[in-house]
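Peer 1: My questions are about this predicted structure, shown below with the sequence.
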Amino acid sequence: MKYEKRLEEIRKEVICTCVGCAAGAACIVLSGGAATPLVAGALMGAGGLGGFFIGDKADKEDTEREKTLLQDKRYKDATNEVDKQVQQNNQAQDAINTIAGKLNGNIPRQSHETDEYLRNQLVIHQSQLDSGKNRLSDLRKDMDKLRKELGGGGSLMGLLGLDKLSFTDKVMIIAAIVLVI
């Protein structure tokens, strides 16, 4: 979940940098090559700097918001449940890997572990892992709802209604703004 947020922040940084580069290139093309490298470089640098500031601001907002949310007992409990489910899923996956190793002959068996017994155990652990993944998905959805409920969704993107737009729509809006400028 944290990796997904970071990936989205990186995308925003890259978009700003790319929009700055595109603006510099557009400046050169529209002026018939008369734009000085200094102007194009300044636009490209501004895009990169804008990308850095947007990413930095998003990091700070997420950190502060997470600190505030962790003060709420319901959010703490939900976070703990997610962590416990992740641990259970990892244990089930480890058990599956061990059983598969025993079936393949890579891991020594105990005297009571027949092929049939191990296959039955494999089915049980695979079922546990599948239900654990479903539960984890549900827990994360509940946690997102709780985060929105507790956080109030006061971000600038939310206030402007831009949080409902797709990634591509946001890129197109930014590109249009840069071209107008």
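Peer 2: Thanks, I have it. Residues are numbered from 1 along each chain as shown.
Peer 1: Averaged pLDDT, the helix or strand harbouring Ile173. What do you get?
Peer 2: In this structure, Ile173 sits in helix 167-180 according to DSSP states H and E. Averaged across helix 167-180, pLDDT comes to 72.
Peer 1: try stretch 106-124
Peer 2: pLDDT averaged over stretch 106-124 gives 93.
Peer 1: Contacts for it, please.
Peer 2: 95-96, 98-103 (CB atoms under 8 Å, 6 or more residues apart in numbering). C-betas here are computed from N, CA, C, even on glycine.
Peer 1: Tell me which residues of that stretch come out buried.
Peer 2: 118, 121-122 (16 or more other CB atoms under 10 Å).
Peer 1: tell me the domain ranges of the chain?
Peer 2: According to automatic domain parsing, the chain comprises the domains 1-71, 72-163.
Peer 1: which stretch in those domains has the least confidence?
Peer 2: Ranked by mean pLDDT, those bottom out at domain 1-71, with a mean of 57.
Peer 1: circling back to that earlier point, which strands or helices does the helix holding Ile173 pack on?
Peer 2: helix 2-30 (3 or more CB pairs under 8 Å, 6 or more residues apart in numbering; DSSP states H and E).
Peer 1: just to revisit the earlier point, how about a markdown table for the contacts of stretch 106-124, with secondary structure and distance to Ala78 added?
Peer 2: Shown next, in a markdown table, are those (DSSP: H, G, I helix; E, B strand; the rest coil; distance: CB to CB, whole Å):
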| residue | secondary structure | distance to Ala78 |
| --- | --- | --- |
| Ala95 | helix | 26 |
| Ile96 | helix | 27 |
| Thr98 | helix | 31 |
| Ile99 | helix | 32 |
| Ala100 | helix | 33 |
| Gly101 | helix | 35 |
| Lys102 | helix | 37 |
| Leu103 | helix | 37 |
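Peer 1: If we only consider those residues, which is nearest to Asn134?
Peer 2: Relative to Asn134, the closest of the contacts of stretch 106-124 is Ile96; by CB to CB it sits at 16.3 Å.
Peer 1: Excluding chain neighbours, what is closest to the closest one?
Peer 2: His125 (5.0 Å; CB to CB, 6 or more residues apart in numbering).
Peer 1: about what we covered before: just the buried subset of the contacts of stretch 106-124, please.
Peer 2: 95-96, 98-99, 102-103.
Peer 1: neighbours around the nearest residue to Asp72 once chain neighbours are set aside, how many?
Peer 2: Nearest-residue entry for Asp72: Leu150, 5.5 Å, with adjacent residues in sequence omitted and distances by CB to CB, 6+ apart. The number of residues packed near Leu150 is 15, by other CB atoms under 10 Å.
Peer 1: Great, nothing more from me.
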